[in-house]
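Trainee: What would the 3D arrangement of this be:
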Amino acid sequence: MNNKFLNFMQAFNNLDKSSCVSMVYQWLSEDQISIKELYEDVLVEALGYLTDVESDPNHKIWFEHIQSSIVRTIIEMAHPFVLKEKKESQFNLKAAVLCPDGEQHELGARMINDYLVLSGVDSYFVGRDTPRKDFVDMIEVMNLDIVAMSVTNYYNTSEVNRTVDLIRAHNKHVEILVGGRAVMNNLDTYKNNSNIQVIESTQALFDYLERVRK
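Mentor: As a prediction, this is how the structure comes out:
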């Protein structure tokens, strides 16, 4: 796996989208890598090298956006392989994965949606920058069992709290899963909130799903 990551990063840092997509497609087509391995050991690791203006004064937004678009293309390309690996046993649960109002980073949420699909959950990816009232409307109209919320930017953590409060004011039963870098960096804020399930890692998500299955 280390060699795969190094090969990927060489093309990724050169902004060579064709090479990145081609090598991942070959790995998946030849069963050299699973979706979970691709996401966890390659894509998440690669995204971890992306900087922002707070951590790097020389940060280039255009460079970050091109690399993000490469990852987005790979995730979309991989969807048939997600369906191929999808578990036959169904949870008979409906979920949606969203980012709160103001949150523009959605790649992590997109991968979480695929993990839910892999596990047999009927999951819908809504994506970035979703207004609070739309969470409530979607839960009611689609009769959702689970809402998973991802937040990367620290400045959007207060919007998570407001969104959770609004959901609970209208629905006491839907499960609210919350994760993302901003949550991980502020665990004390969320750990004791009985209204949500904090998802600290991919394995924590799979563990939660196993508990739900039982």
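Trainee: where along this structure do the strands fall?
Mentor: Applying DSSP state E to the chain gives strands spanning 94-100, 122-130, 146-150, 175-179, 197-198.
Trainee: Same list, the ones you listed, but as TSV with mean neighbour count please.
Mentor: C-betas here are computed from N, CA, C, even on glycine. Formatted as TSV, the strands of the chain follow (neighbours: other Cβ atoms under 10 Å):
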stretch	mean neighbour count
strand 94-100	24
strand 122-130	18
strand 146-150	26
strand 175-179	21
strand 197-198	18
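Trainee: Show me the one of the ones you listed that comes nearest I33.
Mentor: The stretch from the strands of the chain with the least distance to I33 (Cβ to Cβ) is strand 122-130; that distance is 21.8 Å.
Trainee: helices or strands up against the closest one?
Mentor: Contact analysis of strand 122-130 by 3 or more Cβ pairs under 8 Å, 6 or more residues apart in numbering; DSSP states H and E lists strand 94-100, helix 107-118 as its packing neighbours.
Trainee: picking up where we left off before, could the strands of the chain be laid out in JSON lines, adding distance to K84?
Mentor: As requested, the strands of the chain are exported to JSON lines (distance: least, Cβ to Cβ, whole Å):
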{"stretch": "strand 94-100", "distance to K84": "20"}
{"stretch": "strand 122-130", "distance to K84": "16"}
{"stretch": "strand 146-150", "distance to K84": "23"}
{"stretch": "strand 175-179", "distance to K84": "25"}
{"stretch": "strand 197-198", "distance to K84": "28"}
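Trainee: Between these, which one is closest to L38.
Mentor: Shortest distance between L38 and the strands of the chain, using Cβ to Cβ, is found for strand 122-130: 17.2 Å.
Trainee: Adjacent strands (with direction) for the closest one?
Mentor: Next to strand 122-130 in the sheet, as set by DSSP bridges, lie strand 94-100 (parallel).
Trainee: what about the strand it pairs with, average pLDDT?
Mentor: When pLDDT is averaged over strand 94-100, the result is 94.
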